[in-house]
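# model the structure of this input:
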Amino acid sequence: MPYRNFKFRLLWDGSYVAGVSKCSALTRSTPVIAHRAGGDPTTPRRMPGPSAHEAITLERGVTYDVGFEQWANKVWDYHTVTVDDQQSVSLKDFRKDLTLEVYNDAGQKVIAYTIHRCWPSEFIALPETDANGAAVAIQMLKLENEGWERDASVAEPDEPSFTPPGG
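The predicted structure is shown next:
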């Protein structure tokens, strides 16, 4: 049975990230390089070029949790640059490895991916506000990454069974 796309959790720095409601797709693309040597037939040979991993976008409702903002500030911090006249990037720890976990309907972890060397390239702290609206305010964090891989240690669990009361 296919898994649903709304049962997931995101882990960084050893803790689950609060309130993430959306995570974009894990996407890798490899361009085609066409090559034809002199004397070859008119049809070029095709080979894979360098692969690239697309940025990942995380969304969550605006809360008092400052996790997204603190990480984004490690890449560029207004206070550090303008007041302390120091560096603008925390080179030691602005990159993180993330784990994206997918769960089945019974709440069992069924798939996990490790996303390597992520860093925030875009951060929306507070979206457009509208006094006439009734929507939830959503923060967004766009993460560049250097690839991802499936965690092979996560095995397919046995599907649970239960007997309803009085059954």
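# any idea which helix or strand in this protein has the lowest mean pLDDT?
helix 78-82 (a mean of 56; mean pLDDT, DSSP states H and E).
# could I get the very next helix or strand once past that one in PDB with only the CA atoms?
Next helix or strand after helix 78-82 toward the C-terminus (DSSP states H and E): strand 96-103. C-alpha atoms of strand 96-103 as PDB (Å, rounded to 0.1, in the frame of the first residue of the first chain):
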ATOM      1  CA  LYS A  96      23.400  20.700   9.000                       C
ATOM      2  CA  ASP A  97      22.400  17.100   8.100                       C
ATOM      3  CA  LEU A  98      18.700  16.600   8.200                       C
ATOM      4  CA  THR A  99      16.600  13.400   8.400                       C
ATOM      5  CA  LEU A 100      13.200  13.300   6.800                       C
ATOM      6  CA  GLU A 101      11.100  10.400   8.200                       C
ATOM      7  CA  VAL A 102       7.900   9.100   6.600                       C
ATOM      8  CA  TYR A 103       5.300   7.100   8.600                       C
END
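# pull up the pairing partners for strand 96-103, direction included.
Take DSSP bridges as the rule and strand 96-103 pairs in its sheet with strand 8-12 (antiparallel), strand 109-124 (antiparallel).
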